[in-house]
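**Student:** the sequence and its predicted three-dimensional model are supplied below.
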Amino acid sequence: MELSITILEDEEIYSKQLKQLLKNWGNENHINISIHHFFCGESFLENNYNEDELFFLDINLKTMNGMDIAKQLRKDGFQGTIIFLTAFSEYVFEGYNVQALNYLIKPIDYEKLKKCLKPVIKNMENSFHIYKSKTTIIKIPYNKILAFTSFRHYVDIMTQFPISPQDNCLKAYRQKIALKTLLQQLPSEFIRCHRTIIININKVITLTSKEVILSDGSVYPVSESYLKNIQDAFSELLD
């Protein structure tokens, strides 16, 4: 597997540390890593990036604010992974507004970095759901699926953005299958939060006792009977 990483960090001591930790992580997981480093936001924004880029953004830069840069990336249509670097943990909640995967406190602890990157590995795995209609077969990567919602004998597959270029703005695909049967086929990151809904726990940015908010801003109800499982899975990601 290959992974392109871009680091925006204006303090060399922390950028060097992160690069070394990422190289160690790549070696351990048999991932070929290419790392690009920028010291300032201006040069960073001039850089070309791909859809699957992994960004590490320092929040407290000398010139531009890392949070503002993340907002610009999302405004430009970037749907990939953003992880914040900060010396102050209170910024974590602000990071939810730009759909950040996580944040890391400097100096970076390797064990916390590895836990933070667990969803990244899952997203890189070549796993997908097969969607079939009368005229079409589409391989939908699991890391692009937000949720499955059931309606009578059908399930709507809610995706992050259109999977097929021919679909234009289509982000939901309706398939005839029972939700219970579907759940048995899905990987562990898909968890039932309601009798009619399965969510991708890696896409959750906010969890309350009654609902979850996913990375695209969509809101789904959480039933009391499923709340404990959702809380445990979400807590495991944050540990």
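**Tutor:** Yes, it's here.

**Student:** per-residue confidence averaged over the longest helix seen in the chain?
**Tutor:** Secondary structure of the chain per DSSP state H: the longest helix is helix 12-28. Averaged over helix 12-28, pLDDT sits at 94.

**Student:** please apply the same query to stretch 148-158.
**Tutor:** 92.

**Student:** hmm, who's touching it?
**Tutor:** Residues from elsewhere that reach stretch 148-158 (C-beta atoms under 8 Å, 6 or more residues apart in numbering): 129, 131, 140, 145-147, 171-179, 182, 190, 196-198, 218, 220. Where C-beta positions appear, they are placed from N, C-alpha and C, glycine not excepted.

**Student:** just the buried ones out of these, please.
**Tutor:** Neighbour-count burial (16 or more other C-beta atoms under 10 Å) applied to these gives 129, 131, 140, 145-147, 171, 173, 177, 179, 182, 190, 197-198, 220.

**Student:** who are the contact partners of K210?
**Tutor:** 221-222.

**Student:** picking that back up, tell me which two of the buried ones among the contacts of stretch 148-158 sit farthest apart.
**Tutor:** Of all pairs drawn from those, the greatest distance, 20.2 Å, lies between Y131 and Y220 (C-beta to C-beta).

**Student:** can you give me the neighbour number for I191?
**Tutor:** 20 (other C-beta atoms under 10 Å).

**Student:** tell me which element it is part of?
**Tutor:** strand 190-194 (DSSP states H and E).

**Student:** which strands or helices does that strand pack on?
**Tutor:** helix 179-185, strand 197-200, strand 219-221, helix 224-238 (3 or more C-beta pairs under 8 Å, 6 or more residues apart in numbering; DSSP states H and E).

**Student:** now with 6 Å, please.
**Tutor:** strand 197-200, helix 224-238 (3 or more C-beta pairs under 6 Å, 6 or more residues apart in numbering; DSSP states H and E).

**Student:** list the neighbouring strands of the first one plus their orientation.
**Tutor:** Counting by DSSP bridges, the strands paired with strand 197-200 are strand 145-151 (antiparallel), strand 190-194 (antiparallel).

**Student:** point out where this protein drops to low pLDDT.
**Tutor:** Applying pLDDT under 70 to the chain flags the ranges 1, 89-101, 123-126, 161-170, 238-239.

**Student:** quick one, the helix or strand L3 falls within and helix 12-28 angle?
**Tutor:** Using DSSP H and E, L3 falls within strand 2-8. Interaxial angle, strand 2-8 versus helix 12-28 (axes from the mean of the first three to the mean of the last three C-alpha atoms, to 10 degrees): 170 degrees.

**Student:** and V222, how many neighbours?
**Tutor:** Neighbours of V222 using other C-beta under 10 Å come to 21.

**Student:** same check on the one 3 residues further on?
**Tutor:** Neighbour count of S225, defined by other C-beta under 10 Å: 11.

**Student:** I213: how many residues sit nearby?
**Tutor:** 16.

**Student:** excluding its backbone neighbours, what's nearest it?
**Tutor:** Among residues not flanking I213 along the chain, T206 sits closest, at 4.0 Å (C-beta to C-beta, 6 or more residues apart in numbering).

**Student:** S215 is in contact with that neighbour, correct?
**Tutor:** No. Using C-beta atoms under 6 Å as the test, T206 is too far from S215 to be in contact (10.0 Å).

**Student:** higher neighbour count, the two?
**Tutor:** S215 (18 against 12).

**Student:** quick one, phi psi at the more buried one?
**Tutor:** Backbone torsions of S215, given as degrees, to the nearest 10, read phi -60, psi -20.

**Student:** this completes my enquiry, with thanks.
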